[in-house]
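Student: here is my input, please return the structure:
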Amino acid sequence: MRIERLSNDQFKIFLTFDDLIERGFTKDDLWHDASSVRNLFSDMMYEASSELGIELEGMLLVQVHLMQAQGMHIFVTQQYEDLHWDDDFIEMKVTLDESKELIFSFDEFEDIIQVASYLLPFEIEGGKVYHMDNRYYMILDEIDHTNINKEDIIAVMSEYSNPSIVTSHRLQEYGKIIFPSNAIQTIIETFY
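Tutor: Numbering: from 1, shown residues only. Predicted coordinates:
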């Protein structure tokens with residue numbers, strides 16, 4: 001679990017699926033087991049409070065973005081309202097959002113060329129490729145893998161890359177676009 005302060009009243013938590021498993025959860029538990037999820041979020045809030053040295057009280061707005069292969073980005077905003085809560089009580093308004101895109105981070109462009117040849121048999125021709133902070137990123141949108149077992153794609157991609165903790169919004173804003181669309185098809189046509 002990684003915690004990053006964004007401002008005086010907002011911070012971000014990145015939790016991988018391995019972190020969830022270590023805490024005894026599966027991705028499906030987040031959608032179906034409300035009491036366990038409340039306990040998970042309470043534990044994370046206390047850890048964040050301790051690590052960042054901030055006092056969490058009152059209402060917290062929690063936005064959870066589930067990433068297909070990466071884990072969860074959790075944005076927490078503390079609301080300072082004149083509400084009279086019990087000191088040991090924190091109210092959380094949680095919204096869940098699930099991203100359908102797969103984002104992977106590569107050390108070298110050569111790794112993208114290699115993985116493209118393994119994605120072609122899955123009939124994946126789309127994708128976008130970005131470069132940012134000396135790394136390459138490939139985004140496979142929902143349209144690129146609708147009829148394919150997602151776990152198979154993740155397994156192939158994991159051989160050559162790592163799930164990215166960088167969101168597509170950050171890549172679009174700060175990254176340099178290399179292939180805006182049809183990345184796999186373009187790579188195959190160019191390098192094979």
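
Student: distance of Pro121 from Ile184?
Tutor: 11 Å (CB to CB, to the nearest Å). C-beta: built from backbone N, CA, C; applies to glycine.

Student: who has more neighbours out of these two?
Tutor: Ile184 (25 against 8; other CB atoms under 10 Å).

Student: hmm, that one is touching Gly126, no?
Tutor: Yes: contact criterion CB atoms under 8 Å: Ile184 and Gly126 qualify, at 6.5 Å.

Student: element containing Ala155, please.
Tutor: Here Ala155 sits within helix 150-160, counting by DSSP states H and E.

Student: okay, buried residues for that helix please.
Tutor: Within helix 150-160, the residues scored as buried using 16 or more other CB atoms under 10 Å are Ile153, Ile154, Val156, Met157, Tyr160.

Student: what sits opposite His73 in the beta ladder?
Tutor: In this entry, His73 is beta-bridged to Phe14, His65, by DSSP bridges.

Student: what count of nearby residues applies to it?
Tutor: Using other CB under 10 Å, His73 has 19 neighbouring residues.

Student: how about the helices in the chain?
Tutor: 17-22, 27-32, 34-52, 109-119, 150-160, 168-174, 183-191 (DSSP state H).

Student: what sits against the residue lying closest to Glu123 once chain neighbours are set aside?
Tutor: Closest residue to Glu123 apart from its sequence neighbours, by CB to CB, 6 or more residues apart in numbering: Ile148 at 7.5 Å. By CB atoms under 8 Å, 6 or more residues apart in numbering, the contact set of Ile148 is Phe122, Glu123, Ile124.

Student: what's the answer for Gln78, then?
Tutor: Asp9, Gln10, Ile54, Leu56, Glu57, Gly58, Met59, Leu60.
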